[in-house]
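S.K.: compute the structure for the input listed below.
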Amino acid sequence: MLVRALILILRGENRLIYGIVCAKNNMSSYTQWKSWDVADFGVVPDAAACYYAKIFDQFFKGDRLPARILEVGYGNGVFLGWCRLSGYDVSGIEAEQGLIERASKAGFNIYNDIERVPNGSLDAIFLFDVLEHIPQDLIASFLLKLNGVLKQGGAVVIRTPNGASPLGLANQHGDPTHVTVVTTTKIHFWAAGVGFDVAYSGRDLFPIYDGRLLKVPGRLIKLVLRNFIERVFRFVFSPQSSGALSANLLTVLIKSPK
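M.R.: Numbers count the residues shown, from 1 in each chain. Here you go, the predicted structure:
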């Protein structure tokens, strides 16, 4: 079975080492299946740039702008590329050796496991479409390790398929390497015991402008209709949480004060 996950590895006397591991014979096939071409590594499509910019505008304003960023599971380097273009100090962790080589060749600082990241050194950690690859019984321990490498008040931004939405089914089950269904209630459960406050967990962001000016009127109409239909859905099938019809779940965790 194809596995692409961050897995907790026990070595020695209760020493916790978080490494990225994969089924060696299948990881390159996964990269091919995702159509991650080497020539496209670090290239940032306009739509992705607008999406990332909206996340930063909504959650990282003013003195909350992160100086040091880590992306866990960076894939073909789109977010890494955006961070570099935006002037952020960004590093990454990945599973597949070919992707590690691509990032290193492009000049990015890459860790082979999170134990090598100094404690308290990061302002923000991003996981786009990663948490659903991690076995559920390891997620709390994994989040605890992320907490350790963050500065006080640092943030973890997580995007996953929305396991509580009927529209999240295609995203959740369209990838055979997804092993955990993520919902807002689970996020609160996992975060509670590992030193995080849940600043936000709900619908994914939908930028009105995605780099195509002519698409703005249509996207504005879509946003209005989405909000209206979701309100009707939540009323008819109450109680339902905000974002009940969002295909993806976006979560922001903040490291709690000691």
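
S.K.: any chance you could map the strands in the stretch 101-250 of the chain?
M.R.: 109-111, 122-128, 150-161, 196-203, 248-255 (DSSP state E, counting those that start in this stretch).

S.K.: packing partners of the fourth one?
M.R.: Pointing back at strand 196-203 there. Counting by 3 or more C-beta pairs under 8 Å, 6 or more residues apart in numbering; DSSP states H and E, the packing neighbours recorded for strand 196-203 are helix 184-192, strand 248-255. Bear in mind the C-beta positions are built from the backbone N, C-alpha and C, glycine included.

S.K.: who wins for proximity to Ala106 among the ones you listed?
M.R.: strand 248-255 (26.8 Å; C-beta to C-beta).

S.K.: returning to that earlier point: rebuild the strands of the stretch 101-250 of the chain as JSON lines, extending it with mean pLDDT, distance to Arg84 and mean neighbour count.
M.R.: Compiled in JSON lines, the strands of the stretch 101-250 of the chain are given as follows (pLDDT from 0 to 100; distance: least, C-beta to C-beta, whole Å; neighbours: other C-beta atoms under 10 Å):
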{"stretch": "strand 109-111", "mean pLDDT": "93", "distance to Arg84": "11", "mean neighbour count": "16"}
{"stretch": "strand 122-128", "mean pLDDT": "97", "distance to Arg84": "14", "mean neighbour count": "23"}
{"stretch": "strand 150-161", "mean pLDDT": "97", "distance to Arg84": "17", "mean neighbour count": "21"}
{"stretch": "strand 196-203", "mean pLDDT": "96", "distance to Arg84": "26", "mean neighbour count": "18"}
{"stretch": "strand 248-255", "mean pLDDT": "97", "distance to Arg84": "22", "mean neighbour count": "23"}
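
S.K.: please identify which of those is closest to Asn76.
M.R.: strand 122-128 (11.4 Å).

S.K.: report the distance from the closest one to the chain centre.
M.R.: Distance of strand 122-128 from its chain centroid, counting by C-alpha atoms, centre = their mean, to the nearest Å, is 8 Å.

S.K.: with just CA atoms, put it into CSV.
M.R.: Only the C-alpha atoms of strand 122-128 are listed here, as CSV (Å, rounded to 0.1, in the frame of the first residue of the first chain):
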residue,chain,number,x,y,z
LEU,A,122,10.0,29.1,13.9
ASP,A,123,7.3,31.7,13.5
ALA,A,124,4.9,29.6,11.4
ILE,A,125,4.5,26.0,10.0
PHE,A,126,2.4,25.2,7.0
LEU,A,127,0.9,21.9,6.1
PHE,A,128,-1.1,21.9,2.9
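
S.K.: tilt between it and strand 248-255?
M.R.: Orientation check (axes from the mean of the first three to the mean of the last three C-alpha atoms, to 10 degrees): strand 122-128 against strand 248-255 gives 160 degrees.

S.K.: can you list contacts of strand 122-128?
M.R.: 60, 66-73, 75, 79, 146, 149-151, 154-159 (C-beta atoms under 8 Å, 6 or more residues apart in numbering).

S.K.: re earlier: closest to Leu213 out of the helices and strands packed on strand 196-203?
M.R.: Nearest to Leu213, of the helices and strands packed on strand 196-203 and by C-beta to C-beta, is strand 248-255 at 24.7 Å.

S.K.: got the contact list for that closest one?
M.R.: Contacts of strand 248-255 (C-beta under 8 Å, 6+ apart): 55, 59, 143, 147, 150-165, 168, 171, 182-184, 187, 191, 195-205, 243.
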